[in-house]
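> A structural model of the following input is requested.
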Amino acid sequence: MSGPVRLAVAAALLASVEALPAEMGAPVHHELTVRIDPAAHRLEVEDEISLPEPLAASGDLRFLLHRGLEAVSATPEYAVERMEPPRSLRRYGINEESPGEAAVPLDEYRLRPTTAGAPPARPPILRYSGVIHHPIRAEGEEYARSFSRTPGLIDEKGVVLSGSTFWVPLFGDALVSFRMTVDLPAGWDAVSQGRREKHEAAGGRRRVVWNSPEPMDEIYLVAAPFEEYERRNGKLTAMVFLREKDPNLAARYLEATVQDISMYEKLIGPYPYAKFALVENFWETGYGMPSFTLLGPKIIRFPFILQSSYPHEILHNWWGNSVFVDYESGNWCEGLTAYLADHLFKEMQGAGEAYRRDTLERYRSYVREARDFPLTEFRSRHSSATEAVGYGKSLMLWHMLRRKLGDATFVDALARLYRDYRFRRASFADIEKVFSAVSGTDLGPFFRQWVERTGAPSLALGRVADETLPDGRHLLTVELRQVQREEPFAVEVPVAITVAGESAARIVSIEMSGRTATGRFELPGPPVRVDVDPQFDLFRRLDPREIPPTLSRLFGAPKVAIVVPDGDGAVPSAAWRRFAEGWARGNAHDVRIVGEAELDRIPRDRAVWILGEENRWARAVTDALAPKGVRVDRESVDFGSHQAARPGTSFVLAAEHPYDEDLALGWIAADNPAALPGLARKLPHYGRYSYLAFEGDEPTNVLKGRWEPAGSPLVHAFAPGPRAALPQRQPLARPEPVFDASRMMEDVRWLASPELEGRSAGSEGLRRAAERVARVFAEAGLAPGGEDGYFQIWEEPGGPEGRTVTLRNVVGVIPGTRPDWRGQSVVLGAHLDHLGRGWPDVHAGDEGRIHPGADDNASGVAVLLELARILGRSLHPPRAVVFVAFDGEEWGRRGSRHYVETMRDYPARDAIAMINLDTVGRPDGGRLMLFGTGTAEEWPHIAMGVGFTTGVQVRAVPDDPGGSDQMSFVEAGVPAVQLFGSAHEDYHRPTDTPDKVRPDALVDAATFVREAAVYLAERTEPLTAAGGKRPGAGGAGRKVSLGTLPDFTDPGPGVLVVRVMPDSPAERAGLRAGDRIVAIDGQAVADVRAYAEVLRGHAPGDTIRIEIERGGERLELDATLAPR
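As a prediction, the model looks like this:
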């Protein structure tokens, strides 16, 4: 829910005012003095009104006002007369979800000069007061998807007044500006548009002044007892108003505000207001106002909101709240805002294609022919169908326009639209003129087709043929057809061609204006595969075979049967019937509730929900899904690729309908009656999924996914094989990262510099490195955490050359704020030491050479330091966050073991978790790995949640082949993981240099760890540790090398080889990438850890027999091991 509320007055009403477009002159200006009495639900207002000259000269000034407010003139030059009740109003906008009659009783007044002749010199002043208290109401909408709202409320919990309240006199369709002084009870605060000029407390009251000289659609006033937070960034003031103290939450929103506004300023143009504020409401809302947003208490605490709804609301300050919408010609701003916010952030994460597919899927599921309408008729969202058109189709319009013009021209046109129409109303026709002018192209036909027409093209492949030409080249012929009932659309259809021997697909296009079109393409080799619109770039009606059955097919079906069980199981039949009745109540669809015995077959013309585990019709779903490997029994639900344990799990399955490919079957099963209300409320929000699992009474989603589609009819394969890689598009914009990549790289270069000589145990270089870390901790505001300031200092015998050496851990702490959690901590670690000139681990031939250790582990230390800089000044965690740069990791983890054994203020046994940053600068394939997620049940969910929130996806590895400092904590019973990039040929070599470390990988690592650390610092319950102590990896290291790089994420059994080092024993033995090592010398190799243990038992020169799997065959190879 977002965007402005607009009021269009019926043609016969206020005719003299409607004839004056707002752009013809200055807005109506209001000087408001407002006193609020929340306990009495009452307000008192004095309004000095400055009227634009044409309006003032008309001599017949009419305005509308809430009937509960009695208006009188405070100036003798004007009289106020109550008129007959106003005629009907139509209300447009997104903050007001349902268009229709005014939601409050209205009075119409005439403001008349008391003397004839020229208008009075003094402006009119109105005084009015009264009660405004319209209760919050929930309106059912399609399967209990309810929206709670009120047109206006003054209450002890808070105040929300807007244009739909009619609390400020409305003079026709004129835009407004205002300056407002608000008088409130002590402890309260008020928020409105514009800049805050005064904020003072006196006489037991709060006085606030907001000034908004810019033209506006309406005037808002939101008030409550707030906790306020603020951050200035140049001309912008970022503000957060929360209903309880939460500095960490506020800090995240202040940071996001600055990031997002900076990004959009570069993309579109200057931010139009002086401030942007997040304001917490006391019920769930998602409203976007000029210069602030009003969000509900649950919504603002969903971590993913910062990557979805929040930038959407910020962007509305450009589209909808400064470039206003001419609603009579269609609401264009929601699609554009969704495209440049929701879609853009998914595009940043590499998920733009999936987002567009989901958009097209929603259109297919929810918009049947009778429910379709052109974009010219979209005003606001009030159902899934209006959302699929007004947001979804409009979003695809902007995407197709971008592809048609190219990114540079598209961005130039956006900036021009903003410059030309800021604080003016714009229509689709105005937008077409701007984009045509900037592009030098007549875009009229494009806009008329997609804005004024209903429907969408449906594509099918016709003849696809390959002809070999005399010169050996190939001629590919591709015929496309439009098979929809409507007239053909003029479309440019992208086609991806996979050519034998080419890794990247060739992207071509076929222009269509009729029912059929043929493209012919000369290729250097034989085509392997043809994919039509593989990245979902075209607005079209998807073929059912392109998408799997999902819940949206059921929720979007115009006719539905809900089959309730006749008998009682774990959940009584009556409870299931109440569930069904709740979905049917107020539903716009044809919903029929039947008992299982009333059916003799699945209805042919209805989507079917089957409720209850004992329902005999559930067999129809499990039979349909059996080929996908789905099995359900009393112990578990097997979804094919995932399993959920039972009992205590509620689950949902969607399957193909046996008679109609546009419909689906759905089965909802639960053994907990308390979970049913939550399921009824939540499931409509999971429409894109094919299967779901929930736990508990709430219930909480623990598993979700989609079946693989049956196979797209828009794909033609000449031979078996995958599609070649599609081009990776760059997003239109990115926010500047919070973490400074150049600063982290500077740290890497310094730590890996020749001056530090590889930071070996007890060396001068390592001492200097430790002192620098301590200085950064101090500058960042971390408290000292060692026995000697920031240091834990001790001596260890048996160092280089047998010497006793001094070791130093560097410890900094952000103390926790909860007294009852004293001593508890989240530990973030990275080892500072490396191998110096080759001790204690050196490859043959590398003796005496400096090992810089840039990736291992200057990269991890650089991220640790950047986290300290960012979190040290902004985080106020309930549980302490301890930063440790460990010594002695390369020497059997001596530093982390010392910390675990000796730390007193924050004992390791009281740590909720530990995250180790080790070798994070060179991820293979762009994704970091997280070792050791099997040490707590929650780690995979934490990794998935952090990835969803931040866009940084990691590969969770349950086992821990790393054996780094996290293992010291695992041995003490602490759930601990290692963030890791990849194994590479420079590991523990002099060639591990800073130039090979990727700055973007450091940013990803810092982003991931910060999100995880903040979550862990605030988490109430301990993690569920999986098992007790595990064997350490601190003994003698491996002395031999085979020369393979394993896939650490492969679950086994065996070890999957992803790379074979040149001139290594593995290469000489004939090992290849893709081989799976299953045994060595007859001893089975279960996983990477077992593989390392087997090699650890050998010496250089030993010959081993390796048993591998390759292409379905088992082979044996002999390899002679080399020294490391």
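
> ok so P709 is a helix residue?
No: the assignment for P709, made by DSSP: H, G, I helix; E, B strand; the rest coil, is coil rather than a helix.

> residues contacting it?
P709 makes contact with 545-548, according to Cβ atoms under 8 Å, 6 or more residues apart in numbering. To be clear about C-beta, it is placed using only N, CA and C from the backbone, and glycine gets the same treatment.

> out of those residues, which is nearest to H199?
Distances from H199 to these, taken as Cβ to Cβ, are shortest for I547 (52.8 Å).

> ok, back up a step: which among the contacts of P709 count as buried?
Among these, those classed as buried by neighbour count (16 or more other Cβ atoms under 10 Å) are 546-548.

> strands of the stretch 901-1050 of the chain, residue ranges please.
911-917, 928-931, 954-957, 976-980, 1040-1041, 1044-1046 (DSSP state E, counting those that start in this stretch).

> likewise for the stretch 151-300 of the chain?
With DSSP E, counting those that start in this stretch, the ranges of strands along the stretch 151-300 of the chain come out as 152-155, 158-161, 176-185, 189-191, 195-202, 205-216, 221-224, 227-233, 236-242, 275-280, 286-289, 292-295.

> which other residues reach the third one?
It refers to strand 176-185. Residues outside strand 176-185 that contact it (Cβ under 8 Å, 6+ apart): 26-38, 168, 190, 192-194, 197-198, 204-219, 221, 223.

> for the strands of the stretch 901-1050 of the chain, which one sits closest to S552?
When the strands of the stretch 901-1050 of the chain are compared (using Cβ to Cβ), the closest one is strand 954-957, at 28.4 Å.

> just the strands in the stretch 451-600 of the chain please.
Using DSSP E, counting those that start in this stretch, strands in the stretch 451-600 of the chain cover 459-468, 474-482, 491-499, 506-512, 516-523, 527-532, 559-564, 590-595.

> thought W583 was touching V564?
No: with contact defined as Cβ atoms under 8 Å, W583 does not count as touching V564 (11.2 Å).

> give me the number of neighbouring residues for the residue lying closest to S322 once chain neighbours are set aside.
In space, S322 comes closest to P272 once its chain neighbours are excluded; the distance is 4.2 Å by Cβ to Cβ, 6 or more residues apart in numbering. Counted with other Cβ atoms under 10 Å, residues neighbouring P272 total 16.

> show the average pLDDT along stretch 956-968.
Stretch 956-968 carries an average pLDDT of 88.

> and it, C-alpha only, in PDB?
Listed next in PDB are the C-alpha coordinates belonging to stretch 956-968 (Å, rounded to 0.1, in the frame of the first residue of the first chain):
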ATOM      1  CA  ALA A 956      25.700 -23.700   3.500                       C
ATOM      2  CA  VAL A 957      28.000 -26.700   4.200                       C
ATOM      3  CA  PRO A 958      26.800 -28.800   7.200                       C
ATOM      4  CA  ASP A 959      30.300 -30.300   7.700                       C
ATOM      5  CA  ASP A 960      33.400 -28.300   8.500                       C
ATOM      6  CA  PRO A 961      36.300 -29.200   6.300                       C
ATOM      7  CA  GLY A 962      38.000 -25.900   7.200                       C
ATOM      8  CA  GLY A 963      39.300 -26.700  10.600                       C
ATOM      9  CA  SER A 964      40.000 -23.100  11.400                       C
ATOM     10  CA  ASP A 965      39.500 -21.100  14.700                       C
ATOM     11  CA  GLN A 966      35.800 -21.900  14.800                       C
ATOM     12  CA  MET A 967      36.700 -25.400  15.700                       C
ATOM     13  CA  SER A 968      38.100 -24.300  19.100                       C
END
